[in-house]
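Colleague: sharing a sequence plus its predicted fold:
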Amino acid sequence: MNYQDLVTQITQWDHDYYVLDQPTVADAEYDLAFRTLLDLEAEHPELITPESPSQRVGAKAIDDYVKIEHRVKMLSLANAFSLDETYAFFEKAAKDLTLSADSLKIYSEPKLDGLAISLHYDHGLLSYAATRGDGLVGEDVTHTIKTIKSVPLKLATVHPPETLEVRGEVFMPKQAFEKLNQQALQNNTKLFVNPRNAAAGTVRQMNPKIAAERDLQFIPYGLGETLGAPAFTQHSEILAFLHSLGFRKNPHCYAFLGSYEAFVSNYELMEQTRALLPMQIDGIVYKVDDLAQQSSLGFIARSPKWAVARKFPAENSVTELLSVDFQVGRTGVLTPVARLAPVFVGGVTVSNATLHNMDEIERLGLQIGDMIEIQRAGDVIPKVVQVVEHGAHRTPIVVPEHCPACNALVKQTEGQAAFRCTADLSCGAQGAERIRHYASRKFMNIANLGTKLIELLYSTGRLKTIADIYSLSLEDISGLEGQGEKSAENVLASITASKHTKLGTFLGALGIHEVGEEGAKSIAQYFKTLDAIMAASLEDLMQVPDIGPVMAKNVVEFFQNAENKAIIAAILAAGVTWPAIADQAIDSLPLAGQTWVLTGTLQQLTRSEAKALLESLGAKVAGSVSKKTSVVVAGVKAGSKLATAQELGIKVMDEAEFLAEFVSAPG
């Protein structure tokens, strides 16, 4: 058998096994053929083609993810949690099409619980694969997606489209998930929470060889960008076309006319089938099958008006509450976490559950030793629903008087359920997250000091507080895994650049509870200097516009803490400075009292630059359009905010008009 015939034969065997679930060759014969292929390619590397089965595991580990912009936006689906919600969704769709719901052809598909992926084929060959990301930009994960044997490296057609973007779900079958966690138990490593979590973690592996060892699968659910593809009239035709190209079918897909009774029958059938499927599903996706009707219905915000996900209700189980631990978050809030006798809920073994806060514990009447009902909310996050039976030897749950991480006093926030560590900047449990917050783009913008590097430096003890950022050396960074001398120099350059900031930015970067970006700017503008802010009383802070009593109290308490003040003094001693704030009254600025909204993509200014410009002119920049909005600046691909502004009769400027008035204008 020559090389090309061998490639074709092994590809066909892979298709039979991984796509059709119909193995057509003995394992020994397959292994021998694959070994022969590898030997041939070793002797004659010039024969190797991109579609060779050997290339699924041939890629090297990558150092970082490349960002990929989706040419056609990857949308998410709206959710429905009841039959009435589902039927009402399609009643509205039918009304918009001036039809009756009973006449709509609906196509139902099991909602696979995995990771949305976009596959790009050029002239039939897989060129790259990307995650959904935020719908506009995803991450290049070609190196791991190529290891999935139900993803064709070459489309099974002699006349492939010039461009074909296939969208679908990568998931881990239940059996593969159980095998993976069994291996983790044997190796004493961390267990995956559920198959979706395992699939997402595997796809984002840097090393494709690890991904190749896990039995991931891919099933398509639609198309994105196409060029030269056939003309389709029905969504179901697209799925049949994709199956003909070598992709796996989603089991138990059904077409029906959208009567109330048909939705009932379909849901009951899928609910009964759910446990028998080899993969985990968390609901059903219902779509209008007719593509012309889909086009007519269009989209709203981030989801289509022709498709909805009907989610299954969460699954519940009963177990014993063994103990309660308190975890400390970035802002110092102590969150109670229930430690449970392990129980199987919705396909996953659960041993922890959230309790939210002490008010929730009191509402439940919960004590240690009780038998409790556990629910996986949305089939993901375990939650305590209720006490089923009081334990024979119950123990009350008590908030610790001292922080479990740093031993500082714990105080309850006045008027709230939250208990908080009083140590703020010096608390170890809050440290890494506070550093990440401080260095983030929104605040000190230390571009090359990312989350991974912060965690590495924090774990070594080199970073304990935000002040330690400014004493980092080249050796501290370059000696870490994945960091060379050039990377370290870039980090230090970013740190140096961050020393030139603004008072409001610095104040927001400190992470004072409930003092966000806008609140910090208001306080800075009112007091003008850090010394004045640190000396301000509760009554002084209450004079600042939009600052309420809770925020004011948090600011006062933060600056009364001696360790916080010592850390700030160390930062200032390291050379962090900002320009003096002018005494010009806000009321005298040209856009004082106005509310502006930015929407769409600006070509000549970044969103942050445009926002800063408007604020310097006295305007308040809001995130949504309302009757109080003065002007909307609409960039490229402006969406629902522009439509709302037009409906309300609010003045709209394009970018050119905005620049002409506020940037290019004399003076």
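Modeller: Perfect, thanks for sending it.

Colleague: remind me what the worst-scoring helix or strand of the chain on mean pLDDT packs against, helices and strands.
Modeller: One helix or strand of the chain scores below all others by mean pLDDT, DSSP states H and E: helix 27-43, with a mean of 74. Using 3 or more CB pairs under 8 Å, 6 or more residues apart in numbering; DSSP states H and E, the elements in contact with helix 27-43 are helix 3-14. For every residue, glycine as well, the C-beta is placed using N, CA and C.

Colleague: can you pull the buried residues of the helix it packs on?
Modeller: In terms of neighbour count (16 or more other CB atoms under 10 Å), helix 3-14 has its buried residues at Y3, L6, V7, Q9, I10, T11, W13, D14.

Colleague: what does the strand or helix carrying T86 rub up against?
Modeller: When elements are assigned from DSSP states H and E, T86 belongs to helix 83-96. In this structure, residues lying in contact with helix 83-96 by CB atoms under 8 Å, 6 or more residues apart in numbering are 78, 80, 100-101, 103-104, 106, 258, 260, 263-264, 267, 286, 288, 293, 296-297, 305-306, 308, 310.

Colleague: from T599, how far out is the closest residue to A634 other than its chain neighbours?
Modeller: Counting by CB to CB, 6 or more residues apart in numbering, the nearest residue to A634 once its immediate chain neighbours are dropped is L642, at 4.8 Å. From L642 over to T599 the distance is 6 Å, taken as CB to CB, to the nearest Å.

Colleague: so these two - more neighbours on which side?
Modeller: Shown here are L642 and T599; by other CB atoms under 10 Å, T599 has more neighbours (23 against 20).

Colleague: list the contacts for the closest residue in space to that one that isn't next to it in sequence?
Modeller: Spatially, and ignoring its direct neighbours in sequence, T599 is nearest to K641 (3.9 Å; CB to CB, 6+ apart). Contact analysis of K641 by CB under 8 Å, 6+ apart lists V597, T599, S624, V625, V632, A634.

Colleague: helix or strand: which one has K641?
Modeller: helix 640-648.

Colleague: now the helices for the stretch 301-450 of the chain?
Modeller: Under the criterion DSSP state H, counting those that start in this stretch, the stretch 301-450 of the chain contains helices at 358-364, 428-439.

Colleague: by how many degrees do the helix or strand that the longest one is followed by and helix 428-439 diverge?
Modeller: Sequence-wise, the next helix or strand downstream of helix 428-439 (DSSP H and E) is helix 451-459. Interaxial angle, helix 451-459 versus helix 428-439 (axes from the mean of the first three to the mean of the last three CA atoms, to 10 degrees): 140 degrees.

Colleague: give the next helix or strand downstream of helix 451-459.
Modeller: Heading C-terminal from helix 451-459 (DSSP H and E), you reach helix 474-478.

Colleague: and that next one, what does it pack onto?
Modeller: Judged by 3+ CB pairs under 8 Å, 6+ apart, helix 474-478 is in contact with helix 451-459, helix 485-498.

Colleague: quick one: the closest residue to D102 other than its chain neighbours from S103, how far?
Modeller: Of all residues not flanking D102 in the chain, S259 sits nearest, at 4.7 Å (CB to CB, 6+ apart). Separation of S259 from S103 (CB to CB): 9 Å.

Colleague: and for P160?
Modeller: Distance, P160 to S103, by CB to CB: 36 Å.

Colleague: who has more neighbours out of the two?
Modeller: P160 (18 against 11).

Colleague: show the pLDDT at that one.
Modeller: Looking at P160, its pLDDT is 95.

Colleague: what sits against the closest residue in space to it that isn't next to it in sequence?
Modeller: The shortest distance from P160 to any residue other than its chain neighbours is 3.0 Å, reached at G124 (CB to CB, 6+ apart). By CB under 8 Å, 6+ apart, the contact set of G124 is K154, L155, T157, P160, P161, L164.
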